[in-house]
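In: Predicted model and sequence below, questions to follow.
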Amino acid sequence: MKQDITAGSKIKSIREMKSVSRETLAERSGLSTEQIAQIEEGDSLSLSPLIQIARALGVRLGTFLDDIESDQPAVCHKDERDKGVRFISSKDTLNHLDYYSLARSKSGRYMEPFFIEINNTGNDDFKFSSHEGEEFLYCLEGAVEVVYGNKQYRLNAGDSIYYDSIIDHCIKSVAGSAKILAVVYAPN
């Protein structure tokens with residue numbers, strides 16, 4: 001499923017406004033030119049490349065997720081969650097992480113809260129992520145395993161973890177599917 005509001009089109013617009021070529025953005029972000037093109041054209045993206053691009057362009061992560069510019073509190077009702085920006089894990093990962101932004105209408109934010117549904121495919125080959133900042137995860141339903149560096153942490157419903165996201169990490173459900181609340185802080 002594509003994003004309701006494409007982060008890719010916002011990335012392209014900001015990149016062009018700042019007179020930055022795809023090649024330069026790729027070099028600054030550590031991504032390939034092909035990845036930048038795919039993201040700008042609306043392909044699915046995971047959170048880590050989005051953070052790398054935001055840093056490379058000198059904007060906050062929320063810039064790509066903002067829907068309505070507002071200084072008012074962001075309210076996201078349960079039945080409206082699927083109307084937000086949705087990120088699906090990249091095609092080269094074997095688990096499936098669907099990210100739903102919970103604060104897309106709040107401008108100027110430094111934290112990104114997400115509702116995440118995790119559905120494993122049964123294969124244990126998972127792609128790790130790392131980026132500047134911090135993450136807080138709260139397991140809402142099911143059980144998840146957080147691999148952080150060379151350690152593993154199991155979270156059952158009601159458990160949480162807070163960590164520096166510069167360390168390689170990945171999240172997967174223990175069996176079947178799980179739902180978590182994630183709050184990501186990525187400094188500019």
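Out: It's in.
In: give me the low-pLDDT residue ranges for this structure?
Out: Counting by pLDDT under 70, the chain contains low-confidence residues at 1-5, 43-45, 65-72, 81-95, 121-126, 188.
In: Just want the most central residue of it.
Out: L47 (2.6 Å; Cα atoms, centre = their mean).
In: Quick check, it in contact with V183.
Out: No. Counting by Cβ atoms under 8 Å, L47 does not reach V183; the two are 11.9 Å apart. In short, each C-beta sits where N, CA and C put it, glycine included.
In: Spell out which residues are contacts of both of the two.
Out: Common contacts of L47 and V183, defined by Cβ atoms under 8 Å, 6 or more residues apart in numbering, comprise F114.
In: Could I get the full set of strands for this structure?
Out: Applying DSSP state E to the chain gives strands spanning 86-88, 95-101, 111-120, 134-141, 143-148, 151-156, 160-164, 169-173, 177-185.
In: Would you mind giving these as JSON lines with mean neighbour count added?
Out: Output for these, formatted as JSON lines (neighbours: other Cβ atoms under 10 Å):
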{"stretch": "strand 86-88", "mean neighbour count": "20"}
{"stretch": "strand 95-101", "mean neighbour count": "21"}
{"stretch": "strand 111-120", "mean neighbour count": "20"}
{"stretch": "strand 134-141", "mean neighbour count": "18"}
{"stretch": "strand 143-148", "mean neighbour count": "18"}
{"stretch": "strand 151-156", "mean neighbour count": "13"}
{"stretch": "strand 160-164", "mean neighbour count": "13"}
{"stretch": "strand 169-173", "mean neighbour count": "21"}
{"stretch": "strand 177-185", "mean neighbour count": "18"}
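In: As JSON lines, those with distance to L25 would be great.
Out: Shown next, in JSON lines, are those (distance: least, Cβ to Cβ, whole Å):
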{"stretch": "strand 86-88", "distance to L25": "19"}
{"stretch": "strand 95-101", "distance to L25": "22"}
{"stretch": "strand 111-120", "distance to L25": "20"}
{"stretch": "strand 134-141", "distance to L25": "24"}
{"stretch": "strand 143-148", "distance to L25": "29"}
{"stretch": "strand 151-156", "distance to L25": "34"}
{"stretch": "strand 160-164", "distance to L25": "25"}
{"stretch": "strand 169-173", "distance to L25": "25"}
{"stretch": "strand 177-185", "distance to L25": "21"}
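In: Correct me if wrong: S177 contacts L140.
Out: No. The pair S177 / L140 is not scored as a contact, 11.4 Å apart, by Cβ under 8 Å.
In: Pull the contacting residues for the residue nearest to the centre of the chain.
Out: Counting by Cβ under 8 Å, 6+ apart, L47 makes contact with F87, Y99, F114, S129, H131, V184.
In: What's the separation between it and V184?
Out: In this view, L47 and V184 are 7 Å apart by Cβ to Cβ, to the nearest Å.
In: now V174
Out: Relative to V184, V174 is positioned 22 Å away (Cβ to Cβ).
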